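# Predicted model follows, preceded by the sequence.
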Amino acid sequence: MFERVAASNDPQAKRIPGEVQCKFCLAKRKCHEYQQWAGSSVPNMLSLLDVPAAAWTPQQRAIFLDRKGVAQKWLDDCEAAIKQAMAEDPNAVPGYQLKPGAKRETIVNAQGVYERFSVIGGTPEQFMKCVNVKKTQLKEQVSAITGARGKALDKAIGTMTEGCVEVKQNAPSIERQGETIA
């Protein structure tokens, strides 16, 4: 292990990039070998533009799905590097600027809000229409109150929420047989 660490810090050492080797590397944004390897995983843009994805052969679709993760990670790493450069120098990318992220507010004192809501004439039924219960936090509280864990906790939550939930299914995702891809 010592030899590997020493070699990784040697600027003359041979670099062998790959998904496993580079997964936790903090220098991959600046690593020439990683960029070449990751970039080679992205199909040639001209050939992609020549044929619409709907016209790809089954083999081309499989190749795309096999390489999608590496290509997406490379694209995300490039975008992160550009954002970092723009944070350090607002003129790093001509014609572009960093837009501030959206601000999200979370009510952390529901009881206080309810009391103020009541003062203006709001009813408990009206207020409850504004409330979203997070199932994970509900499970934590039920467990703290009852001491239930595992299947007993799942049963208690099931009984408590029966007839009170709306189930929505996410869009389907693509997966390789035996493992999730996207």
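Received, thanks.

# got any ranges where this protein has weak pLDDT?
Of all residues in the chain, those with pLDDT under 70 make up the ranges 41-49, 179-182.

# can you pull out the helices in it?
Secondary structure of the chain (DSSP state H): helices at 2-8, 19-22, 32-41, 45-50, 58-88, 110-119, 124-128, 135-146, 150-161.

# Which of those has the highest mean neighbour count?
Here the criterion is mean neighbour count by mean count of other CB atoms under 10 Å, and of these the winner is helix 32-41, at a mean of 16. In this view, the C-beta of every residue, glycine as well, is placed from N, C-alpha and C.

# Would you pull up how far that helix lies from the middle of the chain?
From the chain centre to the centre of helix 32-41 is a distance of 22 Å (CA atoms, centre = their mean, to the nearest Å).

# what helices or strands is that helix leaning on?
Using 3 or more CB pairs under 8 Å, 6 or more residues apart in numbering; DSSP states H and E as the contact test, the elements touching helix 32-41 are helix 58-88.

# Out of the helices of the chain, which is closest to Lys168?
Of all the helices of the chain, it is helix 135-146 that lies closest to Lys168, at 13.1 Å by CB to CB.
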